[in-house]
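Peer 1: Quick one, what's the 3D model for this:
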Amino acid sequence: PPVGMVGGEATGGFESGGRSPRSQSPRGPLRVGTAREGRVDAVEARLEARLEAREARKDARDDRIEPPQSPHPRTKSMTADLQPGPRVMKEVEFVKRGPPQECQRPHSGAPRPEGNRTRARHVERTYSTKFDNPNIIRVLLSKDHEEPKLREELYKIVHEVPRFRCPQPPYTDYSLSVSIAEARNLPAVNLGGGGSDPYCSVTVEGELYRTRTLWNDLEPFWAETFECRVMNPKTAVCQCTVWDEERVLMDQIIGAVQIPTRSLPFDGTSQEKWYSLAPVASFVSGEIQVALIRRDLGEEQGLRIIVLQARNLPSKDLNGLSDPYVKIRLGKNKFRSKVAKATLNPVWQEIFDCDFVDPSQNVVISIYDWDRFSKDDFIGEVKISCAALFSKQNKLRPVDCKWHTIRPDSAKKKTTTASKETKDGKAKGEVRLRVRLAEDIILKPSDYSELTSVLLHHSTDIMPIFVQVIPAADMDLLARTLLRFFTNYGKEVELMNALCDEEVRHCNVDTLFRGNSLFSRLVDNYMKLIGMDYLHNTLTPFVEEAYALKKSCEMDPTKFSKGDSDPEKNKALLLQFVRMAFNAVFNTLAKIPPKLRLVLSHVRSVIMAKFPDAAEAHYISVSCFFFLRFIVPSILGPSLFGFTRERPSPIPERALTLTAKTLQNLANLCEFGEKEPYMKPMNQFIRDHIPRMKEFLEKLCDISEEKVSVSRISDLGIDRYKALAVLQRMFSKHLLEARRTVASSTDSDASSVKFLEDLAKA
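Peer 2: Numbering: from 1, shown residues only. As a prediction, the model looks like this:
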């Protein structure tokens, strides 16, 4: 009702019997009295009905796994007879309530979303391979299927497809690490000729990873590592594809490598070798799930084909994924499914009916990758025999639902587009990969109590022993795992300080922090763990300005291009970018994470105490971590640090490289020499800013422990039990060798032996 009107009486702002502002509307004056009261009651009744309908829809969504009551006269009674069994009711309860609180989601370390329905929907969308669409029951229970035994078989199809559940300890976790080192003997596929612009993509179970693009390089060196978790190591396939990036046309595939995870050892041993690149069209992998249902059509036999889903298909498109669909052929019957966009694990859930089937014929299911501007790519095919389904001995089981391995089509050549392969149709070159598959058993939290106690109290005594026996290829994994574990307890600074003291005790001023020791790897990973927000807030404007650069700032005369060969203009432009990056870092000192400053402050104090005569050693020891391992790499590769998903074009990339070179020499407090003579014009800038660099490094380390919060970092999504499982596997694998090292060492004492014994018991 209008303001001031209650029933038919005027109150407040209007006189008795007066009209409300709605009386001026085109509909005429608002009537008051009994008719108006009846209209208000009708509106309220409609609102209540809408609210009840909304609640009913909400309840229906919550119970979406239970078979719906179909209005179809034939289906209604049969659907009511299909009551979920105890196992199905347990699944319904799981989806409604969500996973247990102590459970960790395998694929993501992010906090679990709030709300039961939101949590359940996330679990279903991410991990479900279950054919649980309730509407499909009405289709399956059609007029052709009314026998009780057949209804049970159909219900099993709907509810017995394997489905991932959030695991409870103990459970097995599989992690895959793929390191892309380099490539060699790549073909020149650029349109203008003379080179290639290669990058590499890695696809594992639908997850896509991509390296940076190296322009005009036939022997690229990427040195990038990607890690992911594998749900099913028996069927997963790791595909590494080398591409040539094009500025205008579609990127071209140079070649690819497929590595089935079942061929890798599960003990975490790394395998590194050169793999020959092969054409992508030659790859066939994956499985498809198909259900066949016999239909009795009087004297004739019919067949219902249900294409459920597929998994681990090869990638055929530029985004590392595929757009798969299937073609079905059975005698004269031909069908085609819908296209599942951008996925390697498609779910179709489509039904096709065939009448008058010859039992001697095979069902041929061909899988293709849909392309908009070129011919569809052939992925593989499956041939299913119908003889067993229609045999006289198989009267009690008219349903066949299985996973079928996808095979190559031997009857015809694989269809592929010339634009996606190299021009001669043959892939060339090799790529060097290091692949590691690790199987970790996650135990209950109570099982890790002794190991946790040993690590928290004696890690500084144990780590120097295991550093000598653990291979260099696994050292980075050890550093990341230790960091995750100690960060969970808020004691990561204590660990790094203790390891810093141990390393400085055995080094000299010339080799100070030059190698990739355990301490150096810990600090490197720690800066990326807690400093990414600072890095983005500081350097994002600089990166955006560099990406928009159109003019060259090249300093090397051998790389001058037409129109950009003026050294003075190039120097002025480069100085502008260097000053922008320099000021961005120096003006944001207060925003650097305090715990990181505390670690660098300890490094400075230890170096000053060990080398008091080295005037600049404490400056260089701090700058080699903060600048050379953090700031400079982020300028060299912005896409690797999350600034942007795009790779820079050659002009901005060269500007970023020259800026990083200048900042690196400034951080080292040294000028350019004969090694890079074309950079000598930047020496004047370095000489002028060395005092400011020293002042910045002193302020960076000017922090006390009282000003730093000792609370642990709880919002990083770190799974401590996964870290403990990895440490347990690594220690168990190298424990015997560590004992031999301690026994043969002259510097070892009884305490080292005792620590190893405590670790063995834990």
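Peer 1: alpha carbons only for contacts and neighbour counts from here, please
Peer 2: OK.
Peer 1: residue ranges with poor pLDDT in the stretch 501-650 of the chain?
Peer 2: Along the stretch 501-650 of the chain, the parts satisfying pLDDT under 70 run over 563, 565, 645.
Peer 1: All the helices of it, in order from the start?
Peer 2: Assigned by DSSP state H, counting those that start in this stretch, the helices in the stretch 501-650 of the chain fall at 518-530, 532-547, 567-586, 594-610, 617-626, 632-636, 650-667.
Peer 1: do you know which of these lies nearest Lys694?
Peer 2: Closest to Lys694 of the helices of the stretch 501-650 of the chain is helix 617-626 (CA to CA; 6.8 Å).
Peer 1: what residues does the closest one touch?
Peer 2: By CA atoms under 8 Å, 6 or more residues apart in numbering, the residues outside helix 617-626 that reach it are 509, 512-513, 523-524, 600, 603-605, 607-608, 611, 667-669, 694, 697-698.
Peer 1: Taking their axis directions, it and helix 594-610 sit at what angle?
Peer 2: Relative orientation of helix 617-626 and helix 594-610, computed by axes from the mean of the first three to the mean of the last three CA atoms, to 10 degrees: 150 degrees.
Peer 1: Can I get helix 617-626 in PDB, CA atoms only?
Peer 2: C-alpha atoms of helix 617-626 as PDB (Å, rounded to 0.1, in the frame of the first residue of the first chain):
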ATOM      1  CA  ALA A 617      80.200  -8.900   1.500                       C
ATOM      2  CA  HIS A 618      77.200  -8.200   3.700                       C
ATOM      3  CA  TYR A 619      75.600  -6.000   1.000                       C
ATOM      4  CA  ILE A 620      76.100  -8.600  -1.800                       C
ATOM      5  CA  SER A 621      74.900 -11.500   0.400                       C
ATOM      6  CA  VAL A 622      71.500  -9.700   0.900                       C
ATOM      7  CA  SER A 623      71.200  -8.400  -2.700                       C
ATOM      8  CA  CYS A 624      71.900 -11.900  -4.100                       C
ATOM      9  CA  PHE A 625      68.700 -13.100  -2.600                       C
ATOM     10  CA  PHE A 626      66.300 -10.100  -2.800                       C
END
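Peer 1: so how many other residues sit close to Gln349?
Peer 2: Using other CA atoms under 10 Å, Gln349 is surrounded by 17 other residues.
Peer 1: hang on, it in a strand?
Peer 2: Yes. The assignment for Gln349 is a strand, going by DSSP: H, G, I helix; E, B strand; the rest coil.
Peer 1: and the closest residue to it other than its chain neighbours, how many neighbours does it have?
Peer 2: Using CA to CA, 6 or more residues apart in numbering and skipping residues adjacent in sequence, the residue nearest Gln349 is Leu308, 4.4 Å away. The burial count assigned to Leu308 is 23, neighbours taken as other CA under 10 Å.
Peer 1: From the centroid of the chain, which residue is nearest?
Peer 2: Taking CA atoms, centre = their mean, the centroid of the chain lies closest to Glu207, which sits 5.9 Å from it.
Peer 1: and the residue nearest to Gln349, helix, strand or coil?
Peer 2: Following three-state DSSP, the label given to Leu308 is strand.
Peer 1: quick one: it and Val290 touch, right?
Peer 2: Yes. Contact between Leu308 and Val290 holds when scored by CA atoms under 8 Å: they sit 5.7 Å apart.
Peer 1: can you pull the contacts of the residue nearest to the centre of the chain?
Peer 2: Glu207 neighbours (CA under 8 Å, 6+ apart): none.
Peer 1: Give me the pLDDT value at it.
Peer 2: At Glu207 the predicted local confidence, pLDDT, stands at 80.
Peer 1: Buried ones among the contacts of helix 617-626?
Peer 2: With burial judged by 16 or more other CA atoms under 10 Å, the buried subset of these is 512-513, 523-524, 600, 603-604, 607-608, 667-669, 694, 697-698.
Peer 1: nearest to Ser449, of the residues you listed?
Peer 2: Nearest to Ser449 among the buried ones among the contacts of helix 617-626, with distances taken as CA to CA, is Val523, at 26.8 Å.
Peer 1: helix, strand or coil for Ser459?
Peer 2: Under three-state DSSP, Ser459 falls in the helix class.
Peer 1: same check, this time on Tyr275
Peer 2: Going by three-state DSSP: Tyr275 is strand.
Peer 1: got the contact list for it?
Peer 2: Tyr275 neighbours (CA under 8 Å, 6+ apart): 257, 430-433.
Peer 1: Narrow the residues you listed to those in strands?
Peer 2: 257, 430-433 (DSSP state E).
Peer 1: Restrict those to the buried ones and give me that as a ChimeraX selection.
Peer 2: Buried members of these, defined by 16+ other CA under 10 Å, are picked up in ChimeraX with:
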select :257,430,431,432,433
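Peer 1: how far away is the residue lying closest to Pro648 once chain neighbours are set aside from Asp197?
Peer 2: Leaving out its chain neighbours, the residue that sits closest to Pro648 by CA to CA, 6+ apart is Tyr547, at 6.2 Å. Separation of Tyr547 from Asp197 (CA to CA, to the nearest Å): 18 Å.
Peer 1: Strands of the stretch 251-400 of the chain, residue ranges please.
Peer 2: Taking DSSP state E, counting those that start in this stretch as the test, the strands found in the stretch 251-400 of the chain are 252-260, 271-276, 287-297, 300-311, 324-330, 333-336, 347-354, 362-369, 377-385, 399-405.
Peer 1: Which one, of those, ends up nearest to Pro594?
Peer 2: The nearest among the strands of the stretch 251-400 of the chain, by CA to CA, is strand 271-276 at 39.2 Å.
Peer 1: For the closest one, which residues meet the burial criterion?
Peer 2: 272, 275-276.
Peer 1: repeat for stretch 580-593
Peer 2: 580-582, 584-586, 589, 592-593.
Peer 1: Straight-line length of that stretch, end to end?
Peer 2: Terminal residues of stretch 580-593 are spaced 22 Å apart (CA to CA).
Peer 1: can you check stretch 662-672 too?
Peer 2: 9 Å.
Peer 1: ok, residues contacting it?
Peer 2: Applying CA under 8 Å, 6+ apart, the set of residues contacting stretch 662-672 from outside is 578, 582, 620, 623-624, 627-628, 632, 679-680, 682-683, 686-687, 689-690, 693.
Peer 1: What's the mean pLDDT across it?
Peer 2: 92.
Peer 1: Likewise for stretch 291-307?
Peer 2: Here stretch 291-307 scores 79 as its mean pLDDT.
Peer 1: Do me a favour and get the end-to-end distance for it?
Peer 2: Using CA to CA, the two ends of stretch 291-307 sit 7 Å apart.
Peer 1: which sections of the stretch 101-250 of the chain are below the confidence cut-off?
Peer 2: Applying pLDDT under 70 to the stretch 101-250 of the chain flags residues 101-167, 191-194.
Peer 1: all helices of it, in order?
Peer 2: Using DSSP H, counting those that start in this stretch, helices in the stretch 101-250 of the chain cover 116-127, 136-140, 148-159.
Peer 1: quick one: which of the buried ones among the contacts of helix 617-626 is nearest Ala760?
Peer 2: Closest to Ala760, out of all of the buried ones among the contacts of helix 617-626 and judged by CA to CA, is Val523, at 27.9 Å.
Peer 1: ok, now which ones touch that closest one?
Peer 2: Contacts of Val523 (CA under 8 Å, 6+ apart): 496, 625.
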